[in-house]
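> Please find the sequence and the predicted model below.
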Amino acid sequence: MKRAWLAAAVCAAAMPASCESDEPQTEASLLPADHASFPEVRGCRFSVDHDAIYVRVFTNPQAQAAYTDGVYPFAPGTVLLKHYYRDAGCTDLQGYGLMQRLDDGEAPEQLDWHWQELDADGKVQAIEVAACVSCHDSCTAGRDGACTDP
């Protein structure tokens, strides 16, 4: 009992905002309302790096040429949207992975991207941003955080 009280006190002193509630912290979805009209820049492929699912990649229209032509870095505001599927035909949507390019230097610890995982309804899910950054940082090869060629 004494240990539990001590742990709670340390948490309250160190990070008061995160100790106030058991509810998960949520943020607004960055999924654009017009995302269904985004051009596809990479077709359906199996991705062992994304929990062994199938992935298609889309961009906002302004970023299509930059993605397909390899013009890096991407402009701030670029949205890379991965559609995650349960099947090889890419018909059974599981959810989305969204990367939104920030201004240079705005979040260098996140490769200057904002990361979100969303369910099929577009609701933000818990995400381990450090894992995304680690993988994307190690595979960028000059592609500004986008790992795979179109």
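That came through, no problem. Computed from a predicted model, the values in this text were never measured in an experiment.

> What is the least confident helix or strand in the protein?
Least confident helix or strand, the chain: helix 16-19 with a mean of 30, by mean pLDDT, DSSP states H and E.

> Could you identify the helix or strand that succeeds that helix?
strand 40-47 (DSSP states H and E).

> Flag every buried residue along that next one.
Under the neighbour-count criterion of 16 or more other C-beta atoms under 10 Å, strand 40-47 has 41, 42, 44, 47 buried. Quick note: C-beta positions are derived from backbone N, CA and C, even for glycine.

> give me every residue that touches the nearest residue to residue 119 once chain neighbours are set aside.
In this structure, residue 119 finds its nearest non-sequential neighbour in residue 95, 4.7 Å apart by C-beta to C-beta, 6 or more residues apart in numbering. Neighbour list for residue 95: 84, 117, 118, 119, 120, 125 [criterion: C-beta atoms under 8 Å, 6 or more residues apart in numbering].

> Okay, and the beta partners of residue 95?
Residue 95 has these beta-bridge partners by DSSP bridges: residue 84, residue 119.

> and the closest residue to residue 93 other than its chain neighbours, how many neighbours does it have?
In space, and not counting its chain neighbours, residue 93 is closest to residue 120: 4.9 Å by C-beta to C-beta, 6+ apart. The tally of other residues near residue 120 (other C-beta atoms under 10 Å) stands at 13.

> Kindly provide the distance from residue 34 to residue 76.
Distance from residue 34 to residue 76, counting by C-beta to C-beta, to the nearest Å: 19 Å.
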